[in-house]
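S.K.: no FASTA, just this:
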């Protein structure tokens, strides 16, 4: 029989404030966020016309969370909850307030076909793509205006990145990193920040380990001290794309949040979790228990193989897999 989830219930019962949810993969984090949204609405902590803002990173994560909100909260959920990814939210804010920072409101939003075509024209391929992307990312990693971005690009000395940026400006286009830096600039304006803090009574952020410091500043600008941060530091694998899991987690912990730590997995067998927990103890990470042990028709299997040569190790592993 599946065990109950007291951590999910505790999260739902917490009042609005700074909350940090530490939840490894498969522990029901998305469901827990939806139940928290349902609970704060039921307790009238969020009263119309104020809403809940739920931020994710990818379209897939956004759609998954939206589906869970619809299931848990009900068919009317969109009237009270806005689920979007960072770029979608940033696009709304920039379009609404572009003139506040001297931008045209008719700027074109990021378009992947245009971006691919322009990269081909500039000769960007697997040999030079990393340096090209790094130059652009580093030039736009803060709340910089256009003049400072161009200065940073020229200093980096990547001619293709400079040409790409010039193309964006000539055609009145924004790239994804532009959306993030511009919304960060806008939220530095106290009037704009107060507007969004008044509109959203609580902000929920999924996969918080994937935030850059600039995205963290955006969350604080909108949510203030009314944010539920959810994620797993052990899954922070996007540092190459600008994420700063250690820095962001340090900043969040500095807020002295309520911490809810999930340790029940609904995705893996008891045997697999036993093996995972050996590594968790070594790394100081959360050890997990199986939430539905009867769900698995057998206990699962874990095999440990070590060879001095990686090819031999792969061959031995293949033999085990074939036997299973």
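M.R.: Alright, I've got the coordinates. No experiment lies behind these values; they were computed from the predicted model shown.
S.K.: which parts of the protein are strands?
M.R.: Along the chain, the segments classed as strands by DSSP state E run 19-22, 51-56, 81-85, 200-205, 227-231, 258-261, 264-265, 289-290.
S.K.: mind listing residues that contact the fifth one?
M.R.: Residues outside strand 227-231 that contact it (CB atoms under 8 Å, 6 or more residues apart in numbering) are 11, 18-23, 29, 32-33, 36, 202-210, 219-220, 252, 257. Just so you know, the C-beta spots here come from the backbone N, C-alpha and C atoms, and that holds for glycine as well.
S.K.: now the last one
M.R.: Judged by CB under 8 Å, 6+ apart, the contacts made with strand 289-290 from elsewhere in the structure are 3, 263, 264, 265, 268, 269, 270, 273.
S.K.: farthest-separated two in those residues?
M.R.: Greatest spacing in those, by CB to CB: 263 and 269 (16.1 Å).
S.K.: okay, those two: which has more neighbours?
M.R.: It is residue 269, of residue 263 and residue 269, that has more neighbours when counted by other CB atoms under 10 Å, with 20 against 16.
S.K.: what's the pLDDT at the closest residue in space to residue 61 that isn't next to it in sequence?
M.R.: Distances taken as CB to CB, 6 or more residues apart in numbering put residue 206 closest to residue 61, at 6.1 Å, once the chain neighbours are dropped. pLDDT, residue 206: 94.
S.K.: just residue 220 next, same as before
M.R.: pLDDT, residue 220: 97.
S.K.: residue contacts, it?
M.R.: residue 227 are the contacts of residue 220 under CB under 8 Å, 6+ apart.
S.K.: ranges for the helices of the stretch 151-300 of the chain?
M.R.: Shown for the stretch 151-300 of the chain, the helices assigned by DSSP state H, counting those that start in this stretch span residues 159-170, 176-187, 190-199, 213-223, 245-253, 270-283.
S.K.: distance from the longest one to the middle of the chain?
M.R.: It stands for helix 270-283. 25 Å (CA atoms, centre = their mean, to the nearest Å).
S.K.: and it, what other elements does it pack with?
M.R.: Counting contacts by 3 or more CB pairs under 8 Å, 6 or more residues apart in numbering; DSSP states H and E, helix 270-283 packs against strand 289-290.
S.K.: and the contacts of strand 289-290, which is closest to residue 279?
M.R.: For the contacts of strand 289-290, the minimum distance to residue 279 (CB to CB) is 10.8 Å, reached by residue 273.
S.K.: quick check: the closest one touching residue 286?
M.R.: No: the pair residue 273 / residue 286 is not scored as a contact, 11.1 Å apart, by CB atoms under 8 Å.
S.K.: quick one: residue 5 and residue 291 touch, right?
M.R.: Yes: between residue 5 and residue 291 there is a contact at 7.2 Å, judged by CB under 8 Å.
S.K.: so which of those two has more stuff around it?
M.R.: Neighbours were counted for residue 5 and for residue 291 using other CB under 10 Å; residue 291 has more, 21 against 18.
S.K.: where does the stretch 151-300 of the chain have low pLDDT?
M.R.: 297-300 (pLDDT under 70).
S.K.: switch to 50 and redo it
M.R.: Counting by pLDDT under 50, the stretch 151-300 of the chain contains no low-confidence range.
S.K.: quick one on the thing from earlier: could you dump the helices of the stretch 151-300 of the chain to TSV with distance to residue 77?
M.R.: Putting the helices of the stretch 151-300 of the chain into TSV (distance: least, CB to CB, whole Å) gives the following:
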stretch	distance to residue 77
helix 159-170	36
helix 176-187	25
helix 190-199	17
helix 213-223	19
helix 245-253	27
helix 270-283	33
